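Q: Sequence isn't available, so here's the structure alone:
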């Protein structure tokens, strides 16, 4: 008979460190740690001795030294007497600017191309796959340089814009495309700009609130509110009204009032007529025509009559306000008459009304004595935001904002290139949703638009967003290719001219790398938070 | 039966013959209706798409159909276009620039008489690639694949035949050390021993043996070298004179031909203006074409001569330098110890304030005596180093048995992109897999180190890493180590791409069910066996598309080296556009470069799709 005894307590032997799986991982880790520490120490010591031998001990003091170079694109005030640190900051702003612009356009392009590539329309799908493949398989630098070359070599010089020259400006003479860049109107912020900004922020908050209210209403009662149109209205109307009122109180207030009433009439008539007639396609058309006619009658006929009445009653300011509006509307009415005139054989009735109204307006306006003409004069307007329009002066354009070709080339190429990758992500996201989902939605009686927005997109976004954000990250890093077109981003200021001038390669590149690393980490932390919030809630 | 038949008024007892479907439900019409005009939106899209295609076609087609393939400069191109009566609005492509420069776009500034070497290396590349891409080829071919990298490096950069062999020997020696180490103290000791021995061999012994061989062969050959070099010097001068004379004659001819061509062009312009051109103009056009042909031929000859002249001049300088250093060799060798000794003594005697400085710029705060002392020391050190270097280089030049060496700076164009791309791809895959395994590892320290490495590399743009390679890498290494810019770039590109591949492979690893690894454990496989036999084959299969995408990205990113002064295709486009002949050309060059890149990347992508389909085991 054998007696079961406890095995002897194993004493620790040194060879266990190597052969016992309990200790071996520890041995390997300690060994690896030693190796890594040794490697890092070797590198750091080398750097210290090498730099000491050439007299360049590590020192970040150069950031406070006068930079002495100019930067051709500044979002924050800067001149050559400021420090290298400030120059780096200007570069950072430029990098973030092109990255933000690129992200927006790349998303638009990518979503469009991704959806269209799945379209049943074979020609469109083919065009989109040509776009995606050609951008994915050709280096980004080449695209940047090509766009830049096209912009600089095939656009006219500023001096071609003189009277009778070979080139002309776009959009009512406000935008000039030249080989030195594109000149666009520049907003000049006056004293009341902050109020305008406040209104804008408030309307954004309002939109947000309305949207969450609408969502709650839909989830509780099933009623669906017209979210899109209300959002657009909330976004535009308060800002426009504030702008007008701040420019000139009386004129602005009248214009706003008349416009609001016009809009209300438009919507009301449309809704009422449509409800009376039902939801057929022709009903919509009739409702639209009726709404247009009603609004037109009000704005073109009644408002000017009011103008006249107000003027005779001795209210000079309101009178002049209506006067402006009247002439403005006559303009529009004239245009519309042109369009309807073309259609007159088929719609003689509408054209007749329209012509009659136009005559009426003109007649009324001619009898209105505009007593306070100075208020209509633009010189007496004090808008919170004005626009400086570029105009040719000498050999270059004055005024306006010069958007350099380097920025445009970088922005366009980055957007198109990243857009191709985003398109692939969007396509994959939509394909990842099984066909049963849309079939089920159709079976429930949802229309295709609602199926897309309520069933497919919320699920597809879960797949689309993470790679989308990593594409944003790539775009931000790729913006360092600004070097190809000498765009003054952070690589060009901190990592270029500053390094060359001060000879501080190590410090400069450390800071540059640190900046990009910081941006990456911020974005990826955000992405992880998003992923956690959207992760499929499974039981 | 009967009453059923009676209750039905009519029962068909034969099938109706099959009829063709209605026209709108069959063939092309149906396809068009369903795909192009199924809804209002679709009709608008179709119209837009057709409009876009039409616009692109009519924008590009005339330009392409008017293209000029034979001209010496952009001005000549435009002259020919004008003579041909091309509408200036349409314009015409000037692909003559590609005909003129394509060799440069492929080889960069590689010496033209040595083109066979990269071409051979490129051809052998496919032989080496075969067994990797197509597993049904003979396994023995893999041996060639294994030695191909050494062969290719030797073919492209040249040098003594023993240098690749010495590097290869390192692997053999390391392997032997690994076997013995394993026998003595288990696999861990084996790996450590093998790596250590191989490192010692490469870092210490290989340079020593290489130089020893150089010296041995060199000193045996010194006398014969002197006679051949002297003969060569004597022969070179008349050769150069002859080439120069030929060139002068050719240039005169070219000038004449240019005058003829200019006359013809002016004549054509006059004819077009006066509009009485029906007879004369066609004749002038043929004459201009013939003249341009003649000019191209003459210029090609002239170009060949210029290259020959350049090479003879270069050879002459090389021969003379080598000859003078051979003559000076005995003196240098006797003086070298003295030089080194005196430099060391001077350094030791330096005042403490400047004792460690290696440039004069460093001593900003020093007194003038200290500066003077530093200056003398630095001069002495430079003399010693240069003497040592001259001796080494002379022996290397005389004692080399092998191929003529080529500098990395002479390599450019697609060859450069291809070398960097292929080396980066080959090296980054194993490194990326190791990093991914490290990131998934349970060993805390290793996991954190891998995560840190991957995130830092991925968080910073490649261009910043390339600047690091260019400006900072020397600071990180002991003083005096200075290695090739191309090698530094390859290292950086490899590290960069491996971090991306690691993330792709990590996705593949994460997608594997845990049961696979547990089953492998249950079978008694150790970690590496489990990874090699069970986990990696499945994980890699899942990650093929991502890995190939990284490869494509890497290949495209090779274009960034242009910003650190290497002549990749994009850099060559810039030089071509800056030349007097081709200033103003851009579409043609970018189309050429873009199409070549597209061909490479697109075929890589297609191969990955093929591989994906082939490896798809489920749902077949």
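A: That came through fine. As the structure is a computational prediction, the values presented were derived from the model and not from experiment.
Q: for the stretch 351-500 of chain B, what spans make up the helices?
A: Remark: helices assigned in the stretch 351-500 of chain B by DSSP state H, counting those that start in this stretch are B:368-399, B:413-440, B:444-459, B:462-467, B:473-476, B:485-511.
Q: In the stretch 1-150 of chain A, which residue sits closest to chain B?
A: At 2.4 Å from chain B, residue A:55 is the closest residue in the stretch 1-150 of chain A, using Cβ to the nearest Cβ. To be clear about C-beta, it is placed using only N, CA and C from the backbone, and glycine gets the same treatment.
Q: Would you quantify the distance from that residue to residue A:45?
A: Distance of residue A:55 to residue A:45, given as Cβ to Cβ, to the nearest Å: 17 Å.
Q: my guess is residue B:244 meets residue B:309, correct?
A: Yes - if you go by Cβ atoms under 8 Å, residue B:244 and residue B:309 touch, sitting 6.7 Å apart.
Q: who's more crowded, these two?
A: Ranked by neighbour count (other Cβ atoms under 10 Å in any protein chain shown), residue B:244 and residue B:309 place residue B:309 first, with 17 against 13.
Q: isn't that one right up against residue B:245?
A: No - counting by Cβ under 8 Å, residue B:309 does not reach residue B:245; the two are 10.9 Å apart.
Q: near chain A, which residues of the stretch 451-600 of chain B show up?
A: With the criterion set to Cβ under 8 Å from any Cβ of the partner chain, the stretch 451-600 of chain B comes near chain A through B:455-456, B:458-461, B:463-464, B:467-468, B:471-472, B:474-479, B:552, B:556-557, B:559-560, B:562-563, B:570, B:573, B:577, B:584, B:586-587, B:590, B:593-594, B:597-598.
Q: sorry, back to before: nearest to residue B:129, out of the helices of the stretch 351-500 of chain B?
A: Closest approach to residue B:129 among the helices of the stretch 351-500 of chain B (Cβ to Cβ): helix B:413-440, 9.2 Å.
Q: The closest one to helix B:444-459, inter-axis angle?
A: 150 degrees (axes from the mean of the first three to the mean of the last three Cα atoms, to 10 degrees).
Q: What sits closest to residue A:89 if chain neighbours are left out?
A: residue A:76 (6.7 Å; Cβ to Cβ, 6 or more residues apart in numbering or on different chains).
Q: my read is the one you found is in a strand, agree?
A: No - under DSSP: H, G, I helix; E, B strand; the rest coil, residue A:76 falls outside any strand and is assigned coil.
Q: tally of neighbours for it?
A: Other residues near residue A:76 come to 10 when the count uses other Cβ under 10 Å.
Q: Ok, residue A:68 next?
A: Residue A:68 has 13 nearby residues by other Cβ under 10 Å.
Q: Would you agree the residue nearest to residue A:89 is in contact with residue A:94?
A: No - look at residue A:76 against residue A:94 with Cβ under 8 Å: they stay out of range, at 10.0 Å.
Q: who touches residue 489 in this structure?
A: Just so you know, I chose chain A. A:91, A:94, A:95, A:98, A:479, A:480, A:482 (Cβ atoms under 8 Å, 6 or more residues apart in numbering or on different chains).
Q: um, chain B though
A: Counted by Cβ under 8 Å, 6+ apart, residue B:489 has contacts B:420, B:466, B:469, B:561, B:564, B:566.
Q: Kindly report the same for residue B:293.
A: Contact analysis of residue B:293 by Cβ under 8 Å, 6+ apart lists residue B:70.
Q: hang on, it in a helix?
A: Yes - Residue B:293: assigned to a helix according to three-state DSSP.
Q: Pull the number of nearby residues for the one residue in the stretch 301-450 of chain B that gets nearest to chain A.
A: Ranked by Cβ to the nearest Cβ, the top residue of the stretch 301-450 of chain B for proximity to chain A is residue B:362, at 2.4 Å. For residue B:362, the neighbour count with other Cβ under 10 Å is 19.
Q: My guess is it contacts residue A:54. True?
A: Yes - counting by Cβ under 8 Å, residue A:54 is a contact partner of residue B:362 at 5.0 Å.
Q: List the buried residues in the host helix or strand of residue B:63.
A: Element membership for residue B:63, per DSSP states H and E: helix B:40-65. By neighbour count on 16 or more other Cβ atoms under 10 Å in any protein chain shown, the buried set for helix B:40-65 is B:42, B:45, B:46, B:49, B:62, B:63.
Q: Just confirm yes or no for that helix near chain A.
A: Yes - for helix B:40-65, a contact with chain A is found by Cβ under 8 Å from any Cβ, at B:42, B:45, B:46, B:48, B:49, B:50, B:52, B:53.
Q: what's that helix packed up against?
A: helix A:122-136 (3 or more Cβ pairs under 8 Å, 6 or more residues apart in numbering or on different chains; DSSP states H and E).
Q: Just the element for the nearest residue to residue A:292 once chain neighbours are set aside, please.
A: Leaving aside its sequence neighbours, residue A:292 sits nearest to residue A:266 (Cβ to Cβ, 6+ apart; 7.4 Å). Secondary structure from DSSP H and E places residue A:266 in helix A:249-277.
Q: which residues does the closest residue to residue A:520 other than its chain neighbours contact?
A: Distances taken as Cβ to Cβ, 6+ apart place residue B:459 nearest to residue A:520, at 3.6 Å, with adjacent residues excluded. Applying Cβ under 8 Å, 6+ apart to residue B:459 gives the contacts A:516, A:517, A:519, A:520, A:521.
Q: quick revisit: phi first, then psi, for the residue nearest to residue A:89.
A: Per-residue torsions, residue A:76: phi -120, psi 150 (degrees, to the nearest 10).
Q: From residue A:67, how far off is it?
A: 14 Å.
Q: Tell me where the stretch 501-620 of chain B is predicted with low confidence.
A: In the predicted model, the stretch 501-620 of chain B carries pLDDT under 70 at residues B:617-620.
Q: nope, the stretch 151-300 of chain A is what I meant
A: A:164-165, A:170-173, A:247-256, A:258-259, A:279-281, A:295-300.
Q: Dihedrals phi and psi, whichever residue of the stretch 101-250 of chain B sits closest to chain A?
A: For the stretch 101-250 of chain B, the residue positioned closest to chain A under Cβ to the nearest Cβ is residue B:188, at a distance of 6.1 Å. Reported as degrees, to the nearest 10, the phi and psi values for residue B:188 are phi -60, psi -50.
Q: Contact residues of the stretch 351-500 of chain A facing chain B?
A: A:477, A:478, A:480, A:481, A:483, A:484, A:491, A:495, A:499.
Q: need these in a markdown table with pLDDT, secondary structure and neighbour count, can you?
A: Output for these, formatted as a markdown table (pLDDT from 0 to 100; DSSP: H, G, I helix; E, B strand; the rest coil; neighbours: other Cβ atoms under 10 Å in any protein chain shown):
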| residue | pLDDT | secondary structure | neighbour count |
| --- | --- | --- | --- |
| A:477 | 92 | helix | 21 |
| A:478 | 93 | helix | 25 |
| A:480 | 92 | helix | 25 |
| A:481 | 92 | helix | 27 |
| A:483 | 90 | helix | 19 |
| A:484 | 90 | helix | 25 |
| A:491 | 91 | helix | 26 |
| A:495 | 87 | helix | 27 |
| A:499 | 90 | helix | 22 |
